[in-house]
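**Student:** take a look and give me a structure for this.
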Amino acid sequence: MIIMSVDYGDARTGIAVCGASEMMASPVCTVFEYNFEKCVEKTAAIAKEQGAECIVVGLPLNMNGTETECAEKCRLFAEKLKDLTGIETVMWDERSTTISAHAYLNNTNTRGKKRKAVVDSVAAVIILESYLAYRKNNK
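**Tutor:** Coordinates of the predicted model:
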């Protein structure tokens, strides 16, 4: 199944995808959009372009498992995305994904504008890899 993941943000939204084999997640792009509705539309277009059969949207949680202030906006994003595409959407715990993405980019010495442009798509990769591991271990 082709699965796409989304790391939604108010300014930048990271997108990643895996192929039908569900073996590896790859970054696709970062959507630079402040307007919520336009961001949903752009993300829906990418999902259709990628042939996504499932969309995983990161759910921001606090370390104690409670939802952050942004969680409701992410849920709304997922709902609107599902309405626009007709593709199943799944909410997925994204705790520490941005921190992990920054650590990865530190290891690869990615700095400055390039780092800002890719950190969200790297976070989307981490979200998708976590979801794929769950699917693999819970068949």
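**Student:** with just CA atoms, put the strand or helix carrying Lys48 into CSV.
**Tutor:** Here Lys48 is covered by helix 36-50, with elements defined by DSSP states H and E. In CSV, the C-alpha atoms belonging to helix 36-50 read as follows (Å, rounded to 0.1, in the frame of the first residue of the first chain):
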residue,chain,number,x,y,z
PHE,A,36,-4.8,26.5,6.4
GLU,A,37,-7.2,25.8,3.6
LYS,A,38,-4.6,26.2,0.8
CYS,A,39,-2.2,23.9,2.7
VAL,A,40,-4.9,21.2,2.9
GLU,A,41,-5.6,21.7,-0.9
LYS,A,42,-1.9,21.5,-1.7
THR,A,43,-1.4,18.4,0.5
ALA,A,44,-4.5,16.7,-1.1
ALA,A,45,-3.0,17.4,-4.6
ILE,A,46,0.3,15.8,-3.5
ALA,A,47,-1.5,12.7,-2.1
LYS,A,48,-3.3,12.2,-5.4
GLU,A,49,-0.1,12.8,-7.4
GLN,A,50,1.7,10.2,-5.2
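**Student:** part of a strand, is Gly58?
**Tutor:** Yes: under DSSP: H, G, I helix; E, B strand; the rest coil, Gly58 falls within a strand.
**Student:** quick check: closest non-adjacent residue to it.
**Tutor:** Glu94 (3.3 Å; Cβ to Cβ, 6 or more residues apart in numbering). C-beta coordinates here come from the backbone N, C-alpha and C atoms, glycine included.
**Student:** neighbours of that neighbour, how many?
**Tutor:** For Glu94, the count of nearby residues is 27 (other Cβ atoms under 10 Å).
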